[in-house]
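1. next comes the sequence, and after it the predicted model I'd like to discuss.
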Amino acid sequence: MKQNNMLAMILAGGRGTRLHELTKKMAKPAVSYGGKYRIIDFPLSNCANSGIDVVGVLTQYESIQLNSYVAVGRRWGLDAKNSGVYVLPPREKADANLDVYRGTADAISQNIDFIDTFSPEYLLILSGDHIYKMNYAKMLAYHKEHNADATIAVIEVPMKEASRFGIMNTDEETGRIVEFEEKPEHPKSNLASMGIYIFNWKLLRKMLMADMKDSESSHDFGKDIIPALLNDGKLLYAYKFKGYWKDVGTIDSLWEANMDLLSKNNELDLHDPSWKIYTEDVTSLPQYIGADAKIEKAFVTQGCVIDGEVKNSVLFTGAKVAAGAKVIDSVLMPGSEVEEGAVVQRALVADDIKIGKNAVVGSADSEHIELVAKRVKGEE
């Protein structure tokens with residue numbers, strides 16, 4: 001069922017600094033995940049599967065590759081008449097040097113004219129850097145059922161981790177949000193905001209216009225818009241999401257999200273025919289497993305060549321593991337190569353990086369995952 005009365009805007013402009021070298025020349029939503037996907041594929045596929053025709057992708061930092069990637073709307077079936085994916089870079093100078101959005105709300109404010117072109121009744125706002133599958137049509141139905149002014153998707157997180165998130169305190173019987181706390185030191189609830197909002201567009205437009213004129217505002221949904229709606233007594237509801245959701249903002253969490261694919265109980269299920277995750281169809285040869293290769297619990301994508309040993313690891317398109325090499329508890333991103341005798345353990349190897357002959361990277365005892373983003377020389 002098409003959701004012609006709801007337009008989606010994906011906030012895909014974060015710097016992604018905690019991913020270090022992975023995002024120095026690439027926007028975070030363009031980073032590879034799960035063998036052959038990119039992070040942005042998930043919200044875009046969710047939109048397509050939820051019957052949303054028009055999607056705006058708001059980009060800013062290191063966005064050239066991301067812009068060209070998402071502009072091909074046919075990957076997600078969003079290229080038909082009256083539908084499409086629109087790339088929306090910043091249009092105003094936030095300061096003298098950078099064309100950037102001043103905050104998440106400012107990103108929407110700068111695109112009010114674009115949104116008005118489609119006259120939506122509802123606006124769906126999404127983060128572009130999370131791994132999950134969600135039916136936004138069901139969330140919209142919940143929004144309508146409660147006659148809400150805004151609905152915020154939440155997920156239950158362990159109480160000990162709640163202080164890392166924006167927390168929604170709700171009336172337990174009705175689900176109405178009574179208080180919002182941004183990363184509280186002593187959280188009262190474990191309902192964390194997923195950065196997924198549905199607003200009634202006319203009301204949000206009015207709020208954004210007022211926010212633009214407020215010189216004291218951070219122009220942010222969490223810090224300004226949502227608190228203002230609550231202060232005005234508007235009806236805000238929490239939509240509880242049950243399922244897999246991962247914020248892949250750090251090297252450790254990106255590694256964990258990839259390793260989750262090896263679990264038999266993984267809720268993401270990338271092969272579910274009823275909720276496909278669409279991506280670029282890269283032309284490559286089938287995977288090749290050598291006669292002497294040893295593979296134990298691995299996720300191996302097309303184009304991989306394995307002659308060595310792979311254990312509890314995820315190999316992206318075109319990764320190579322030479323004879324005598326060992327890859328253990330690691331993620332090899334597209335085109336990476338581990339040469340003869342090299343050992344890679346508890347590491348994430350970036351795109352097209354070579355690990356030289358007999359080199360050793362990572363350690364079984366390390367607390368954090370080692371990012372390998374530069375060529376590692378081995379024996380000549």
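-> Received it, and whenever you're ready, just let me know what you need.
2. what about V31, how many residues nearby?
-> Residues near V31, counting by other CB atoms under 10 Å, number 22. Where C-beta positions appear, they are placed from N, C-alpha and C, glycine not excepted.
3. export the helix or strand of the chain with the lowest mean pLDDT to CSV, keeping only CA atoms.
-> Ranked by mean pLDDT, DSSP states H and E, the weakest helix or strand in the chain is helix 64-70, scoring a mean of 78. Only the C-alpha atoms of helix 64-70 are listed here, as CSV (Å, rounded to 0.1, in the frame of the first residue of the first chain):
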residue,chain,number,x,y,z
ILE,A,64,30.3,12.9,-3.4
GLN,A,65,30.2,9.1,-3.3
LEU,A,66,27.0,9.0,-1.3
ASN,A,67,25.3,11.5,-3.6
SER,A,68,26.1,9.5,-6.7
TYR,A,69,25.0,6.2,-5.0
VAL,A,70,21.6,7.3,-3.8
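4. report the buried residues of it.
-> By neighbour count on 16 or more other CB atoms under 10 Å, the buried set for helix 64-70 is L66, N67, Y69, V70.
5. other SSEs contacting that helix?
-> Other helices and strands packing on helix 64-70, by 3 or more CB pairs under 8 Å, 6 or more residues apart in numbering; DSSP states H and E, are strand 84-88.
6. in the strand it packs on, which residues are buried?
-> Applying a neighbour-count criterion of 16+ other CB under 10 Å, the buried positions in strand 84-88 are V85, Y86, V87, L88.
7. how about stretch 110-122?
-> Within stretch 110-122, the residues scored as buried using 16+ other CB under 10 Å are Q110, N111, F114, I115, F118, P120, Y122.
8. biggest separation within those, which pair?
-> Q110 and Y122 (19.8 Å; CB to CB).
9. mind listing the strands for the stretch 51-200 of the chain?
-> Applying DSSP state E, counting those that start in this stretch to the stretch 51-200 of the chain gives strands spanning 54-58, 84-88, 122-127, 130-132, 150-156, 166-170, 177-182, 191-200.
10. flag the shaky bits of this structure, pLDDT-wise.
-> The chain contains residues with pLDDT under 70 at 1-4, 14-18, 63, 73, 79-82, 92-99.
11. now do the longest helix along it against strand 150-156, angle only.
-> If you go by DSSP state H, the chain has its longest helix at helix 201-212. For helix 201-212 against strand 150-156, the angle by axes from the mean of the first three to the mean of the last three CA atoms, to 10 degrees is 90 degrees.
12. helices or strands up against helix 201-212?
-> With contacts defined as 3+ CB pairs under 8 Å, 6+ apart, helix 201-212 has these neighbours: helix 104-109, helix 112-118, strand 122-127, helix 226-231.
13. now what about the third one, what contacts it?
-> Taking CB atoms under 8 Å, 6 or more residues apart in numbering as the criterion, the residues outside strand 122-127 that touch it are 5-11, 43, 46-47, 52, 104, 108, 115, 136, 140, 143, 194-201, 204, 221.
14. kindly recompute the last result at 6 Å.
-> Residues outside strand 122-127 that contact it (CB atoms under 6 Å, 6 or more residues apart in numbering) are 6-11, 43, 136, 195-199, 201, 204.
15. wait, what's in contact with the nearest residue to K24 once chain neighbours are set aside?
-> Of all residues not flanking K24 in the chain, E62 sits nearest, at 7.4 Å (CB to CB, 6 or more residues apart in numbering). In this structure, E62 makes contact with K25, M26, A27, judged by CB under 6 Å, 6+ apart.
16. out of those residues, which is most surrounded?
-> A27 leads the contacts of E62 on contacts (other CB under 10 Å) with 28 neighbours.
17. I figured it hits L66, correct?
-> Yes. Using CB atoms under 6 Å, A27 is in contact with L66, at 4.2 Å.
18. which residues in the stretch 251-380 of the chain form strands?
-> Using DSSP E, counting those that start in this stretch, the strands of the stretch 251-380 of the chain run over 288-289, 294-300, 305-306, 309-315, 320-321, 326-328, 331-332, 337-338, 343-345, 347-349, 354-355, 360-361, 370-372.
19. right, so these: which one is the most enclosed?
-> Neighbour counts (mean count of other CB atoms under 10 Å) averaged over each of the strands of the stretch 251-380 of the chain peak at strand 331-332, with a mean of 32.
20. burial count for the closest residue to S32 other than its chain neighbours?
-> Leaving aside its chain neighbours, S32 sits nearest to M333 (5.3 Å; criterion: CB to CB, 6+ apart). By other CB under 10 Å, the residues close to M333 number 26.
21. please report how far M333 lies from N258.
-> The gap separating M333 from N258 is 9 Å, by CB to CB, to the nearest Å.
22. now swap in A105 and tell me
-> 32 Å.
23. and if you look at V360?
-> Counting by CB to CB, the gap from V360 to N258 is 21 Å.
24. could you pull up phi and psi at N265?
-> Phi and psi for N265, reported as degrees, to the nearest 10, are phi -100, psi 20.
25. let me fix that: A342
-> Here is the backbone geometry of A342 (degrees, to the nearest 10): phi -70, psi 150.
26. so what's it up against?
-> With contact set as CB under 6 Å, 6+ apart, A342 has these partners: A325, I355, A359.
27. export the residues you listed to a markdown table and append columns for distance to G318.
-> Shown next, in a markdown table, are the contacts of A342 (distance: CB to CB, whole Å):
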| residue | distance to G318 |
| --- | --- |
| A325 | 16 |
| I355 | 15 |
| A359 | 20 |
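28. skip the chain neighbours and tell me the closest residue to R75.
-> Leaving aside its sequence neighbours, R75 sits nearest to Y278 (CB to CB, 6+ apart; 5.4 Å).
29. what count of nearby residues applies to that neighbour?
-> By other CB under 10 Å, 17 other residues sit near Y278.
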